[in-house]
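> no sequence for this one, just the structure:
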């Protein structure tokens, strides 16, 4: 089955700096890669996703890149703000015979200090 | 998108008892799932809740322990049976919404279960 590794486990950044979280996956059939933000005590919230026919996707201060050859994808947050502090999870899904099933990375605790 | 609610939001249960968690989606969805998230950990898929047929369980999870129902396209239940302290966790349902196989997956708020 799919295995997703996520690094780093914790990330401290100064407000205004950029944050990058990297994930690798093992199943070359995976073709959908969402990112979730989870604040303490809250549900995971979908913040951006990318599909295998796209190399990069951007939404305001966040962007995701995908390298299918190397089987890795990354989340980039620019101009970080204190409200970006949360745990971020990457995930991968085949959306074929494992339709919709998400395999999650271990998570990255992001702390943005003013 | 989909708005998902869960009941109860939290519960404290005694060892050996069972708890049923309800998940309601505000629109009809093709796929619903149940995940477990232990404190400070990532999410682990328990099973896919199939409408009109038995749920599909992931490795390490069995129907006798986690029976699931899905009577229609907007509702599902997960029962945690014969609970032990190791079952203390957050249980989340999710739904794949908006676009068939190209849909996005949204989560309910979770049910925090403590087993004493």
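That came through, no problem. Fair warning: this is a prediction, and the values are worked out from it, not measured in the lab.
> low-confidence ranges, the chain, go.
No chain in the question, so chain A it is. Low-confidence regions of chain A, defined here as pLDDT under 70, cover residues A:95-99.
> try chain B instead
B:99-102.
> one more time with 90, if that's ok
The model of chain B has pLDDT under 90 over residues B:1-2, B:29-31, B:39, B:50-54, B:96-104.
> which secondary structure elements does the lengthiest strand in chain B contact?
What stands out as the longest strand in chain B, according to DSSP state E, is strand B:89-97. If you count contacts as 3 or more CB pairs under 8 Å, 6 or more residues apart in numbering or on different chains; DSSP states H and E, strand B:89-97 packs onto strand B:4-7, strand B:19-25, strand B:31-37, strand B:43-49, strand B:75-80, strand B:104-107, strand B:111-115. In short, each C-beta sits where N, CA and C put it, glycine included.
> again, only using 6 Å
strand B:19-25, strand B:31-37, strand B:104-107 (3 or more CB pairs under 6 Å, 6 or more residues apart in numbering or on different chains; DSSP states H and E).
> so residue A:92 sits against residue A:30, correct?
Yes. Contact criterion CB atoms under 6 Å: residue A:92 and residue A:30 qualify, at 4.3 Å.
> neighbour count for those two, which is higher?
residue A:92 (27 against 22; other CB atoms under 10 Å in any protein chain shown).
> quick check, distance from the strand or helix carrying residue B:12 to the centre of its chain.
Under the criterion of DSSP states H and E, residue B:12 resides in strand B:10-13. Put simply, strand B:10-13 sits 15 Å off its chain's centre (CA atoms, centre = their mean, to the nearest Å).
> swap in stretch A:11-24?
Taking CA atoms, centre = their mean, one finds the center of stretch A:11-24 at 11 Å from the center of the full chain.
> that stretch and chain B, are they touching?
No. Stretch A:11-24 lies apart from chain B when judged by CB under 6 Å from any CB of the partner chain; the minimum separation is 11.7 Å.
> start and end of that stretch, how far apart?
Start-to-end span of stretch A:11-24 (CA to CA, to the nearest Å) is 17 Å.
> go through that stretch and flag the buried ones.
Neighbour-count burial for stretch A:11-24 flags A:11, A:13, A:19, A:20, A:21, A:22, A:23, A:24 (criterion: 16 or more other CB atoms under 10 Å in any protein chain shown).
> can you get me a residue count around the residue found closest to the last one once you drop the neighbours it is linked to in the chain?
Distances taken as CB to CB, 6 or more residues apart in numbering or on different chains put residue A:72 closest to residue A:24, at 4.5 Å, once the chain neighbours are dropped. Applying other CB under 10 Å, we find 16 other residues in the vicinity of residue A:72.
> for stretch B:14-23, give me every contacting residue.
With CB atoms under 6 Å, 6 or more residues apart in numbering or on different chains as the test, stretch B:14-23 has contacts from B:6-7, B:11, B:13, B:76-81, B:83-84, B:91, B:93, B:108, B:111.
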